[in-house]
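1. Sequence and predicted structure are below.
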Amino acid sequence: MSVKTSRVPLVVTLAAVVGALTLLAVLNPLRQPDDGDLGQRSASGARFVEAEVGAGDRPEASATPSNVPSTPPAGALPGTADTLPGATRTDALPPVVDHGPRRGNKVALTFDADMTDAMRRHLRGGAVTSYANLKLIDRLERDGVPATFFLTGMWVEQYPKVTRRLAANPRFELANHTYGHHAFTADCYGLPRIDRRKMTADVARTFDLVSAYGGRQTRYFRFPGLCHDRAALTALAPLGLTVVDGDVVSGDPFATAWQPIVRAVLDQVRPGSVIVLHVTEANAPMTDEALPHILAGLAERGLEPALLSEVLGTGQAGAGSREPDRTDLPDA
């Protein structure tokens, strides 16, 4: 639809309205419906595929939830959002990655930082003490262990100092786990479902929140509960990202002992594995106790933790990853 521009007052009025709406979006971010705590994750449906993703420079933070420039920077693939690890074309469905190449001895430790409206209410009401496992972060830092953190925007807002700490560590990478940990499909471990029309803005908003902290930024993204379908992938295509599921699901949410977490990881892990853990202390209270045993078990198997971008490789973005039958976007 076009708007005639011959009458100046009409142009001025429309410009004023657009400006006001833009300002409102910045000052009053989208609110999500209330939801429950994070859903437990399942290993079902994981597929063993290889992926090699691009690496490059760190982006600058933007003021509004939009990370898609009109033209890609020099060196980017045609249609990509940027040249960060995980950056992919914006004119095709994003690839879905379970693990990296099965050669070598590298594995990726990834930690989800979940935060929902209900979790935030628990914090404010005093029902829980913290959803940031500082003992786990201390251990990673003390041992110099590389790790990749999938952050929800709400967690970043709740823990800005911890986020700065993660960003300041060159051994840590930062990735995207949505804003408020809502489900992008139906029947996803009891998580409330985000409106399809809000999916793109939700994830773009989180990229903006995370990128403001600098450090090792990526275009990696993980769906809550690892739940996604073609509609969700289509909604995120304009953001030029790589979806990372993982082939080793630890089961650490709500675990009451560290031993089952260690067994789940060490029984499944292979070269190139992407291990899914959590840094949300109150909902995953045993992860910090399991971590040293996981590290020892990896060492016994000759496996070495590395950044996700290193495990997945630095070749052409999305090469060898799992994708839907048709990767091109439907006509508008």
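-> That came in fine, so what should we check first?
2. all strands of the stretch 51-200 of the chain, in order?
-> When secondary structure is read from DSSP state E, counting those that start in this stretch, the stretch 51-200 of the chain shows strands at 96-97, 106-113, 147-151, 172-176.
3. Identify the neighbouring strands of the longest one in the sheet and state each direction.
-> Strand 106-113 sits in its sheet next to strand 147-151 (parallel), strand 274-278 (parallel), strand 304-306 (parallel), going by DSSP bridges.
4. out of these, which comes closest to residue 236?
-> Closest approach to residue 236 among these (Cβ to Cβ): strand 147-151, 14.3 Å. Where C-beta positions appear, they are placed from N, C-alpha and C, glycine not excepted.
5. So residue 210, which state does it fall into?
-> helix (DSSP: H, G, I helix; E, B strand; the rest coil).
6. Surely it touches residue 150?
-> No. Contact status for residue 210 versus residue 150: not in contact, 9.7 Å apart, counting by Cβ atoms under 8 Å.
7. So for these two, which residues contact both of them?
-> Overlap of the contact sets of residue 210 and residue 150 (by Cβ atoms under 8 Å, 6 or more residues apart in numbering) consists of 175-176.
8. Name the residue in these two with the higher neighbour count.
-> residue 150 (30 against 27; other Cβ atoms under 10 Å).
9. Return the residues in contact with the more buried one.
-> With Cβ under 8 Å, 6+ apart, residue 150 has these contacts: 110-113, 175-177, 220-222, 244.
10. who does it bridge with?
-> The partner residues for residue 150, given DSSP bridges, come to residue 112, residue 175.
11. what's the pLDDT at it?
-> What the model reports for residue 150 is a pLDDT of 98.
12. Distance-wise, check it relative to residue 174.
-> Summarising the geometry, the distance separating residue 150 from residue 174, computed by Cβ to Cβ, to the nearest Å, is 8 Å.
13. what residues are shared contacts of those two?
-> Between them, residue 150 and residue 174 share no contacting residue, judged by Cβ under 8 Å, 6+ apart.
14. Contacts only, for residue 269.
-> Listed by Cβ under 8 Å, 6+ apart, the contact partners of residue 269 are 107, 248, 275, 298, 301, 303.
15. Sort out which of these are buried, if you could.
-> Of the members of those, the ones counted as buried by neighbours, 16 or more other Cβ atoms under 10 Å, are 107, 248, 275, 298, 303.
16. who touches the last one in this structure?
-> In this case it means residue 303. The neighbourhood of residue 303, defined by Cβ under 8 Å, 6+ apart, consists of 105-107, 269, 271.
17. likewise the second one?
-> By Cβ under 8 Å, 6+ apart, residue 248 lies in contact with 43, 264-265, 268-269, 273-276.
18. Show me which pair in those residues is furthest apart.
-> Among these, the pair separated by the greatest distance (Cβ to Cβ) is 264 and 274, at 13.9 Å.
19. Neighbour count for these two, which is higher?
-> residue 274 (27 against 21).
20. wait, the more buried one sits on residue 110?
-> Yes. Here residue 274 lies in contact with residue 110, judged by Cβ under 8 Å, at a distance of 6.0 Å.
21. what do those two both touch?
-> Shared between the contact lists of residue 274 and residue 110 (criterion: Cβ under 8 Å, 6+ apart) are residues 244, 246, 308.
22. mind listing which of those residues are in strands?
-> residue 244 (DSSP state E).
23. Can you tell me which of the shared contacts of residue 274 and residue 110 is closest to residue 287?
-> Scanning the shared contacts of residue 274 and residue 110 for proximity to residue 287, where the rule is Cβ to Cβ, the winner is residue 246, at 14.8 Å.
24. I figured residue 184 hits residue 228, correct?
-> Yes. Counting by Cβ under 8 Å, residue 184 does reach residue 228; the two are 5.6 Å apart.
25. Among the strands of the stretch 51-200 of the chain, show me which one is buried the most.
-> Per residue and on average, the most neighbours among the strands of the stretch 51-200 of the chain fall to strand 147-151, with a mean of 28 (mean count of other Cβ atoms under 10 Å).
26. Can you pull the poorly scored residue ranges out of the stretch 101-250 of the chain?
-> In the predicted model, the stretch 101-250 of the chain carries no residue with pLDDT under 70.
27. what about the helices in it?
-> According to DSSP state H, counting those that start in this stretch, the stretch 101-250 of the chain carries its helices in the segments 117-125, 134-143, 153-158, 160-168, 199-211, 230-236.
28. Of those helices, which is nearest residue 258?
-> Nearest to residue 258 among the helices of the stretch 101-250 of the chain is helix 134-143; the distance by Cβ to Cβ comes to 11.6 Å.
29. What residues sit buried inside that closest one?
-> Those would be 136-137, 139-140, for helix 134-143 by 16+ other Cβ under 10 Å.
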